[in-house]
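Undergrad: One predicted model, sequence on top.
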Amino acid sequence: MRKIILIVAVLAFVNGCKLTEQPEFVEINKVAVVSADLNTVTLEAEAIFINHNNVGGKLKTDNIDVFIDDNLIAKVSSEEFKVPSKNEFMIPLSVNFDTSKLIDSKNNGLLGTLVKQLLNKKVNVRFSGEIIYIVAGFKASYPIDHTEEIEIK
């Protein structure tokens, strides 16, 4: 009888943990310019997830490229983010880049982007890449491709 109870308890524990079920990616939102001056621009966005698991994990966001009007400007770089269990959570995506990248001669059309910013104050910002989820040897990725028009103030 003890063996049956032990087996049932172990199976219930293993089934309840769901180590191989990855958190659900909901959306990227709140893309905005946090600061902008003659030398640097800082963009921020939020990646929203829901974790239905009883177990947390980690997310890595260093494989995301940032484009302004289809020109590669920077990569998102951050430390691993700890995923809470059974919760909705947000990962901040922050990007700093030098304004000289907007007028770099190697990137055709970026001078036009700068002129467009000065005249219209609106640009298309695209986050493209993947976010990696890691827990107990299990690894999954979320493809990210989000474009949003933002205003430079």
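TA: Sure thing, it's come through. Numbering: from 1, shown residues only.

Undergrad: How about the contacts made by the residue nearest to Lys60 when sequence neighbours are not counted?
TA: The shortest distance from Lys60 to any residue other than its chain neighbours is 4.4 Å, reached at Ile132 (C-beta to C-beta, 6 or more residues apart in numbering). C-beta coordinates here come from the backbone N, C-alpha and C atoms, glycine included. Ile132 makes contact with Leu59, Lys60, Asn63, Lys139, Ala140, Ser141, Tyr142, according to C-beta atoms under 8 Å, 6 or more residues apart in numbering.

Undergrad: is it true that Ile132 lies in a strand?
TA: Yes. Applying DSSP: H, G, I helix; E, B strand; the rest coil, one finds Ile132 inside a strand.

Undergrad: how many neighbours does Leu93 have?
TA: A total of 23 residues lie near Leu93 under the criterion other C-beta atoms under 10 Å.

Undergrad: where's it, which helix or strand?
TA: Secondary structure assignment for Leu93, by DSSP states H and E: strand 87-98.

Undergrad: what pairs with that strand, and is each one parallel or antiparallel?
TA: Note on strand 87-98: by DSSP bridges, its sheet partners are strand 40-51 (antiparallel).

Undergrad: Next, the buried residues of the helix or strand that the strand it pairs with is followed by.
TA: The helix or strand immediately downstream of strand 40-51 is strand 57-68, counting by DSSP H and E. If you call a residue buried by 16 or more other C-beta atoms under 10 Å, then strand 57-68 has these buried ones: Gly57, Leu59, Lys60, Thr61, Ile64, Val66, Phe67, Ile68.

Undergrad: Any idea what the fifth one is bridged to?
TA: Meaning Ile64. Val76, Gly129.

Undergrad: quick revisit: okay, the residue nearest to Lys60 and Glu80: tell me how far apart.
TA: Look at Ile132 and Glu80: by C-beta to C-beta, to the nearest Å, they are 9 Å apart.
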